[in-house]
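Trainee: Let's see this in three dimensions:
(4 chains)
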Protein chains: 2
Amino acid sequence: MNDTATLTRERAPPRKRDAEATRAAILEAAKRQFAEFGYDRAALRDIAGEAGADVALIKRYFGGKEALFTEALKASIRPDFLREWDRATFARDIATMMAGSPNRDETRSHSFQFLLRTATSPTTAPLLNLAVQERFMGPIRDWLGGEAAPARARVLAATFIGFLVERLIRGEPLQGAEREAFVEHTTALFETMVSPANE
Amino acid sequence: MNDTATLTRERAPPRKRDAEATRAAILEAAKRQFAEFGYDRAALRDIAGEAGADVALIKRYFGGKEALFTEALKASIRPDFLREWDRATFARDIATMMAGSPNRDETRSHSFQFLLRTATSPTTAPLLNLAVQERFMGPIRDWLGGEAAPARARVLAATFIGFLVERLIRGEPLQGAEREAFVEHTTALFETMVSPANE
DNA sequence: CCTCCAAGTCAATGCGCATTGACTTAGCGC
DNA sequence: GCGCTAAGTCAATGCGCATTGACTTGGAGG
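Mentor: Sure, this is the predicted structure:
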């Protein structure tokens, strides 16, 4: 009797024999666990477990751990993520988001956490670079527009990433005056990046 | 004494039986390898190897992998790192540094790479948070001064980290016009953070 | 030259994990 | 109902690694 049911994650209800659905479930679990644990500490066993599938199916459907990771990475970068933010309130929205805890808006932070974990693992960094270049930098560049868009996109992306990390690291949530000041300064920071700075 | 001659594996010349020296060598190798490979992929065998010592000595002198890591982490955060930058040229210096490759100024980036790898590994993040709070945030806060220093320190630290990550990820080096624009915008960005923004 | 202890070595042990191939079963077409 | 194929299961294998305890050796003090 294997009781992997003790895991906190809910197991999907018993699925009919459906290759497509199984594959999708595995990919979903992979996205989540790679994002949460990083490449090294994510175990195929557990991923399969969460998906309600067997480890061997990962081999069948994806080939191996690295291949699964690559696919999960691709699936985690949505090129249209910028459209979700209103241009007018962009800076403040970002600032507010960064002031919060990562657990709250899990849906959105999934993919970014994924990026972070990937970014700093020496093994996976090369994989990331490729994906980011076309699916992350590109959109930001277009979204920014104006002169020197590529360089400005880099600056924006870097800053963005930094705040994600800070939020990830942060121990206790921001509160009171510090939180307000944080939001103000962060808003100002992102605003200077969106509207071209005057020399 | 030159030391970092070859990338492969510098073995120190046969050391006399000296517990202190051995301990130090191990710690040094640990700092380097943890920074380069991250916690998970750094192997005690290799660390000991680089230090010209045996794995078992790591147990004797440090207790285990996690203890060694913690110590290496502490040793990697220098609370006075900010003093190295001239206040007047701070922003531009940072920008120039960020425009370069991480391999060039290895000495300085060691400790930061360490931070990054630590930051995004779920296991080690808690350890980091503690260390960073007092040895990283504190100094920045004092260095910044002025009103809302804690919040502004956070903003500065976050941005700083982001650029480190971006630099770490970046595939090919920045060149030509993009590099120039990048430096300009980054300089401007850091300047607004040092000199208090006017409301 | 001898003793003894700390410094350093060696090899066994066990764990967690990915990989893999042989096995079992569901379910569709006939 | 029958059989065949794809979907899903199981267990063996092997690798990399940290841990650990028993062993060996250097070298200083007598």
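
Trainee: avg pLDDT for the top helix by length along chain A?
Mentor: Ranked by number of residues, the top helix in chain A under DSSP state H is helix A:19-41. Averaging pLDDT along helix A:19-41 yields 92.

Trainee: Next, the angle from that helix to helix B:19-41.
Mentor: 170 degrees (axes from the mean of the first three to the mean of the last three CA atoms, to 10 degrees).

Trainee: element containing A:Ala53?
Mentor: Secondary structure assignment for A:Ala53, by DSSP states H and E: no helix or strand.

Trainee: isn't it right next to A:Ile26, touching?
Mentor: Yes - between A:Ala53 and A:Ile26 there is a contact under CB atoms under 8 Å: 5.7 Å. Bear in mind the C-beta positions are built from the backbone N, C-alpha and C, glycine included.

Trainee: quick one, which of these two is more surrounded?
Mentor: Counted by other CB atoms under 10 Å in any protein chain shown, A:Ala53 and A:Ile26 do not tie: A:Ile26 has more neighbours, with 27 against 21.

Trainee: got a list of what the more buried one touches?
Mentor: With contact set as CB atoms under 8 Å, 6 or more residues apart in numbering or on different chains, A:Ile26 has these partners: A:47-48, A:51, A:53, A:57-58, A:61-62, A:68.

Trainee: 7 Å - rerun?
Mentor: A:47-48, A:51, A:53, A:57-58, A:61 (CB atoms under 7 Å, 6 or more residues apart in numbering or on different chains).

Trainee: Could you give me the buried positions within stretch A:30-37?
Mentor: Neighbour-count burial for stretch A:30-37 flags A:30-35, A:37 (criterion: 16 or more other CB atoms under 10 Å in any protein chain shown).

Trainee: can you check stretch A:139-159 too?
Mentor: Buried, per 16+ other CB under 10 Å, within stretch A:139-159: A:139-141, A:143-144, A:148-159.

Trainee: in chain A, what secondary structure element scores lowest on mean pLDDT?
Mentor: When each helix and strand of chain A is scored by mean pLDDT, DSSP states H and E, helix A:106-120 comes last, with a mean of 62.

Trainee: Including secondary structure and distance to DNA strand C, could the contacts of A:Ile26 go into TSV?
Mentor: Shown next, in TSV, are these (DSSP: H, G, I helix; E, B strand; the rest coil; distance: CB to the nearest atom of the strand, whole Å):
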residue	secondary structure	distance to DNA strand C
A:Ile47	helix	8
A:Ala48	helix	9
A:Ala51	helix	13
A:Ala53	coil	12
A:Leu57	helix	9
A:Ile58	helix	7
A:Tyr61	helix	11
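
Trainee: and DNA strand D, which of these reach it?
Mentor: A:53, A:57 (CB under 7 Å from any atom of the strand).

Trainee: Buried among the contacts of A:Ile26? Need that as a selection in PyMOL.
Mentor: Selection of the buried residues among those in PyMOL, burial being defined by 16+ other CB under 10 Å:
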select buried, chain A and resi 47+48+51+53+57+58+61
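
Trainee: Return the distance of stretch A:27-38 from the chain's centre.
Mentor: 10 Å (CA atoms, centre = their mean, to the nearest Å).

Trainee: Check whether that stretch comes near chain B.
Mentor: Yes - using CB under 7 Å from any CB of the partner chain, stretch A:27-38 reaches chain B at A:36-38.
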